[in-house]
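Asks: Pasting the sequence and the predicted coordinates here, then a few questions.
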Number of protein chains: 2
Amino acid sequence: MSNLSTEPYKGVRDFYPQDLSAQKYVFDVWRRVAESFGYVEYAASVLEPSELYRAKSGEEIVTEQTYTFIDRGDRDVTLRPEMTPTVARMVAGARQALPSPVRWYSIPNLFRYERPQRGRLREHWQLNVDAFGIKGLEAELELIEMAYRIMTAFGIKQSQFTIKVNSRFAFDAHFKAQGLDADQIKRVAKLIDRKKKIDDFDAKLAEIKPGLDGNVPEPVIIKELIERLSSRGVENVSYDPEVMRGFDYYTDVVFEVFDNHPDNNRSLFGGGRYDGLTGLFGVPDVPAAGFGMGDVTILDALATYGLVPEYRSTADVHLCVTDASAFEDASKLAAELRGQGVAVSVDYTGRKVGDQIKYAERLAIPHVVVVGPDELSSGQFKVKTLASREEKASSRTALAKTILG
Amino acid sequence: MSNLSTEPYKGVRDFYPQDLSAQKYVFDVWRRVAESFGYVEYAASVLEPSELYRAKSGEEIVTEQTYTFIDRGDRDVTLRPEMTPTVARMVAGARQALPSPVRWYSIPNLFRYERPQRGRLREHWQLNVDAFGIKGLEAELELIEMAYRIMTAFGIKQSQFTIKVNSRFAFDAHFKAQGLDADQIKRVAKLIDRKKKIDDFDAKLAEIKPGLDGNVPEPVIIKELIERLSSRGVENVSYDPEVMRGFDYYTDVVFEVFDNHPDNNRSLFGGGRYDGLTGLFGVPDVPAAGFGMGDVTILDALATYGLVPEYRSTADVHLCVTDASAFEDASKLAAELRGQGVAVSVDYTGRKVGDQIKYAERLAIPHVVVVGPDELSSGQFKVKTLASREEKASSRTALAKTILG
């Protein structure tokens, strides 16, 4: 039999401890900021009935861009490509029991069947934050402030990113007032969404209706949004009539966070108001707003800014044991330290102490303590900090404290 | 169009905040104890090439009990049913770069295509702990001690569970010495694995070979294991020649943690030594030992013991805002508190303060603070703790400290 490949499945990632540590850092920041706004975490399975996506996005997306298959019970199943249908399903399902408003967040993995490319793998994780039951601008204000606080919690400065806001409702109204029907408005939206990528924008606009005024003046709701965000210290917000965020999804305010860095000048994430989704489940429409933020995109941005924290093992100390006769006593010492909150690995290889220290260095464990018959009988140990090469003497009873600093 | 169902896919769970909170508690204990032993976390995608499972378990398991499908690029893909093949793949793939030994853990979700029943859903999460590169008993000692510490970290007492240990190697040797070949030994192992479920055990044993001595005496390695665990304070370990843990997988020491509770008297989880898996990837065999522990099983056990912590929101305080004129100032106060580490939700509904307090109670947010023109102008607030109905007066500057206690 030929050997098995050690490669993961195409387009997905293996997370070795260093990789996972960077991702966990991102998740930790997401959790901390989302929870600081009173949002609580929920989750669901990656498997969903396929009909959940057909309803919203049309047959095409389910079959072309998703992982969809038939299970042995003839059920049509999809690996979720996005979280919003799931959260709408859960809110609709428990609406009697859920006090309003609902402030929820989740960090699901999402699957899309597409050619792997930078920032667009087949599987990625995404922070999803949603507020259900808040009709007014308060939801948008809170969510955009949260998006801002997430960026600054990562160490990105206000001058390094821009929050662009638009109103889909005002956009529709502007073109309706010029006599366009719903289908024509959709075509204009598509055109504006692609404006930067096409040369003959004006000609294409005139094709929809000659003499059309394509410049949507800044809506009142956007003025108020920008003003109130500014009074909360969020001052890098500006009106951008070209921010569309998809076509059928959003109903009013939409926003996008742009990276101003010359090497990474692009949209990082966004969201907006999407009233009406819960109606698909036969329950009254619940006002809703939210945003999604992917792990790959933000990790790319953090790398550009040099803001990914250096890897450090979750172990605090490696006990370098001089010979096998000390294994049991070293294990007992380790148990003692663990009881005092120290994360301890013990070296049972019997190799040279120098090699045991090198091992700890390669694993990025910050401290080592040599444990041999001398240290065990005297009760005197030395804690070596590997980064600084500093050594501190310590009694057995003070050891945990010396290690944890 | 008929309404969409709000039910999740068959055999998987929705995690509403209370459900997720219980699961996160389990994960937190798992992480804390695994890391206290110097194990670091890794992860991988739930999608794996199907060949990974064919190699180890034989065609039957891949097609009958797993979620397997063909992707649009004609790749045969499986939703991982277990983590061990993945971790062996990753260790084999990076063996040049990985200092030995490797102490890793992960908390993957796993899929099995089977009839949903108590404790056996189609998707569950499992702590997987593995040590690669440790030949001797030190790995088993460390892993069994860790399993023990996980149980006690959950608040389960030593008298409430038993750790049963066996040696597959000694088992094989016992029957080899009686002239059995590999195939006959496998049949005996299967028989003993089912011993409690069958009536005519002795007759069935004699069928394999008449006069067979089915009683495997306690192996030396097990005596040493039990003794050394006892000297580390792990005293509920006993030899059980009936612990088999599957058939082709393990090579020597195996263990199982049994719940002694009369209402839940069963195996909770287990593991053992499985040298040889990395060989499938064309690299030299690496000694390996590990265990896996499922979330559903341990949550059932914790429920039996009344050890699932009561749900509490991650929000620390709900600001009850008396009227819309105070919304902006309440938002600023919230930002101030968040800057001091308080998780704050703000009530923008404009409903009666009593209803805002009821909302906080239903969400299990521990504190409320009423914010209105009076409080804002005087700078004097009252922090109400909902469980005790206690009220504490506080200045604006001391508010964060008063809330966090």
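Replies: That came through, no problem. Model, not experiment: these values are computed from the prediction.

Asks: By proximity to chain B, which residue of the stretch 101-250 of chain A wins?
Replies: residue A:138 (3.9 Å; C-beta to the nearest C-beta). C-beta: built from backbone N, CA, C; applies to glycine.

Asks: Against residue B:374, how distant is that residue?
Replies: Distance of residue A:138 to residue B:374, computed by C-beta to C-beta, to the nearest Å: 22 Å.

Asks: What of residue A:101?
Replies: Residue A:101 is 25 Å from residue B:374, by C-beta to C-beta.

Asks: Same check on residue A:85?
Replies: From residue A:85 to residue B:374 the distance is 45 Å (C-beta to C-beta).

Asks: Leaving out the residues flanking it, which one is nearest to residue A:218?
Replies: residue A:239 (4.7 Å; C-beta to C-beta, 6 or more residues apart in numbering or on different chains).

Asks: The longest helix along chain A vs chain B: in contact?
Replies: Ranked by residue count under DSSP state H, the longest helix found in chain A is helix A:17-36. Yes - counting by C-beta under 8 Å from any C-beta of the partner chain, chain B is contacted by helix A:17-36 at A:17, A:20-21, A:23-24, A:35-36.

Asks: what do you get for stretch A:284-293?
Replies: No - judged by C-beta under 8 Å from any C-beta, stretch A:284-293 makes no contact with chain B; its nearest approach is 11.9 Å.

Asks: pLDDT (mean, whole number) over that stretch?
Replies: Averaged over stretch A:284-293, pLDDT sits at 94.

Asks: Next, the contact list for residue A:326, please.
Replies: A:371-373, A:376 (C-beta atoms under 8 Å, 6 or more residues apart in numbering or on different chains).

Asks: Is it in a helix, a strand, or coil?
Replies: Counting by DSSP: H, G, I helix; E, B strand; the rest coil, the backbone at residue A:326 sits in helix.

Asks: rewinding a little: would you mark the buried spots in the longest helix of chain A?
Replies: Across helix A:17-36, burial judged by 16 or more other C-beta atoms under 10 Å in any protein chain shown covers A:17, A:20-26, A:29-36.

Asks: could you list every residue that touches the residue in the stretch 151-300 of chain A positioned nearest to chain B?
Replies: In the stretch 151-300 of chain A, the residue that lies nearest chain B is residue A:282 (3.3 Å; C-beta to the nearest C-beta). Under the criterion of C-beta under 8 Å, 6+ apart, the neighbours of residue A:282 are A:92, B:3-4.

Asks: any idea how far it is from residue A:249?
Replies: For residue A:282, the distance to residue A:249 - C-beta to C-beta - is 20 Å.

Asks: And for residue A:13?
Replies: 28 Å.

Asks: Make a markdown table from the residues of helix A:17-36 next to chain B and add pLDDT and distance to residue B:234 to it.
Replies: Formatted as a markdown table, these follow (pLDDT from 0 to 100; distance: C-beta to C-beta, whole Å):
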| residue | pLDDT | distance to residue B:234 |
| --- | --- | --- |
| A:17 | 98 | 27 |
| A:20 | 98 | 30 |
| A:21 | 98 | 30 |
| A:23 | 98 | 34 |
| A:24 | 98 | 30 |
| A:35 | 98 | 37 |
| A:36 | 98 | 41 |
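
Asks: So residue A:291 belongs to a helix, correct?
Replies: No - with three-state DSSP as the criterion, residue A:291 is assigned strand and is not in a helix.

Asks: That one contacts residue A:271, correct?
Replies: Yes - Residue A:291 lies in contact with residue A:271 (C-beta atoms under 8 Å); the separation is 2.5 Å.

Asks: For the stretch 251-400 of chain A, what lies in contact range of chain B?
Replies: A:280-282, A:313-315, A:318, A:327-328, A:331-332, A:334-335, A:338, A:342-346, A:348-349, A:359, A:362-363, A:365.

Asks: Name the nearest residue to the closest residue to chain B within the stretch 301-405 of chain A, sequence neighbours excluded.
Replies: The stretch 301-405 of chain A approaches chain B most closely through residue A:345 (2.4 Å), counting by C-beta to the nearest C-beta. Leaving aside its sequence neighbours, residue A:345 sits nearest to residue B:38 (C-beta to C-beta, 6+ apart; 2.4 Å).

Asks: Spell out the secondary structure type for the one you found.
Replies: Under three-state DSSP, residue B:38 falls in the coil class.

Asks: give the contact list for it.
Replies: A:313, A:315, A:318, A:343-346, A:365, B:103.

Asks: what about residue A:121, how many residues close to it?
Replies: Using other C-beta atoms under 10 Å in any protein chain shown, residue A:121 has 19 neighbouring residues.

Asks: which residues does it contact?
Replies: With C-beta under 8 Å, 6+ apart, residue A:121 has these contacts: A:11-13, A:296.

Asks: Please identify the one among those residues that lies nearest to chain B.
Replies: residue A:12 (3.5 Å).

Asks: for the stretch 101-250 of chain A, which spans come out with low pLDDT?
Replies: A:115-120, A:247 (pLDDT under 70).

Asks: Going along the chain, name the helices of it.
Replies: For the stretch 101-250 of chain A, applying DSSP state H, counting those that start in this stretch gives helices covering A:138-153, A:168-176, A:182-193, A:201-208, A:220-231.

Asks: next one: the stretch 301-405 of chain A
Replies: A:327-339, A:353-362, A:373-378, A:399-404.

Asks: returning to what we had before: looking at residue A:85 and residue B:374, which is more packed in?
Replies: Shown here are residue A:85 and residue B:374; by other C-beta under 10 Å, residue A:85 has more neighbours (24 against 12).

Asks: Find the nearest non-adjacent residue to the more buried one, please.
Replies: Here the residue nearest residue A:85, using C-beta to C-beta, 6+ apart, is residue A:52, at 4.7 Å.

Asks: Run a quick neighbour tally on the one you found.
Replies: There are 23 residues near residue A:52, going by other C-beta under 10 Å.

Asks: Please report how far it lies from residue B:397.
Replies: Residue A:52 is 49 Å from residue B:397, by C-beta to C-beta.

Asks: Same question for residue A:375.
Replies: According to C-beta to C-beta, residue A:375 stands 49 Å off from residue B:397.

Asks: and what of residue A:205?
Replies: With C-beta to C-beta as the criterion, residue A:205 and residue B:397 are 56 Å apart.

Asks: quick one: which of the two has more around it?
Replies: residue A:205 (19 against 10).

Asks: quick check: longest strand of chain A.
Replies: For chain A, the longest strand by residue count, based on DSSP state E, is strand A:123-132.
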